[in-house]
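In: Starting from these lines, generate the structure:
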Amino acid sequence: MASYLAEAGTANTGTDTRLTYSPATLRRWVAVINFFHRVAEAPPPSVSQLVASTLAGLQRKA
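Out: The predicted structure follows:
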């Protein structure tokens, strides 16, 4: 999940160097994924330190 977030947060749209998706959008994605994991009684992926660090790094970059 961390690599997916990193890819979505750093991909650019041609000559534009801004983030494709804002950190707020990525946090919403993680919240939705967590919700469905909880519904399925599976551990949410955001409890991983790597995922939290990736989101924090993307926030700093923005």
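In: what's the spacing between Ser46 and Ala24?
Out: Noted for Ser46: a distance of 15 Å to Ala24, by CB to CB, to the nearest Å. Where you see a C-beta, it was placed from the backbone N, CA and C, and this is true even at glycine.
In: More neighbours: these two, which one.
Out: Ser46 (17 against 10; other CB atoms under 10 Å).
In: remind me which residues of the protein are low pLDDT?
Out: Residues of the chain meeting the criterion pLDDT under 70: 11-19, 62.
In: hmm, 80 instead?
Out: Within the chain, the ranges that satisfy pLDDT under 80 run 10-20, 61-62.
In: now the helices for it?
Out: For the chain, the helices defined by DSSP state H cover 2-10, 23-39, 49-61.
In: which ones are touching the closest residue to Pro44 other than its chain neighbours?
Out: Closest residue to Pro44 apart from its sequence neighbours, by CB to CB, 6 or more residues apart in numbering: Asn34 at 3.9 Å. By CB atoms under 8 Å, 6 or more residues apart in numbering, Asn34 lies in contact with 44-46.
In: could you dump the residues you listed to TSV with distance to Gly57?
Out: As requested, the contacts of Asn34 are exported to TSV (distance: CB to CB, whole Å):
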residue	distance to Gly57
Pro44	20
Pro45	17
Ser46	15
